[in-house]
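Asker: give me coordinates for this.
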Amino acid sequence: MYTTYHLESAQEVSTDILDAIKATFKSKPITITVEEDDSDFELTADMKNVLEERLEEGEGDFLSSEESIKQLNKKYGL
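Answerer: Next comes the predicted model:
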């Protein structure tokens, strides 16, 4: 069993959450993983440059998403 808590800030961690975890899992072993929410992803300057270059390519150079994935699978075994 697992439970996920989504908090707006680390400041929201309270004894109530810890008490809820204790009540739910009792004396069972648990693992607590804390990760930063990285949903505020921003493109780097290099990423933007690559996208700009792609926008300037002619439509004859266009690959469909399916073809791109096929080539990546073939090349990298994804």
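Asker: show the contacting residues for L7.
Answerer: Each residue near L7 by Cβ atoms under 8 Å, 6 or more residues apart in numbering is listed here: V13. Using the backbone N, CA and C atoms, a C-beta is placed for each residue, glycine as well.
Asker: backbone dihedrals for it, please?
Answerer: Torsion angles at L7 (phi, psi; degrees, to the nearest 10) stand at phi -120, psi 140.
Asker: also the one 5 residues further on?
Answerer: When read as degrees, to the nearest 10, the backbone of E12 gives phi -80, psi -10.
Asker: and it, how many neighbours?
Answerer: 11 (other Cβ atoms under 10 Å).
Asker: need the contact list for it.
Answerer: Neighbours of E12 in contact, by Cβ under 8 Å, 6+ apart: none.
Asker: how far out from the middle of the chain is stretch 21-29?
Answerer: Offset of stretch 21-29 from its chain centre (Cα atoms, centre = their mean, to the nearest Å): 28 Å.
Asker: please read the previous query as pertaining to stretch 55-69.
Answerer: 25 Å.
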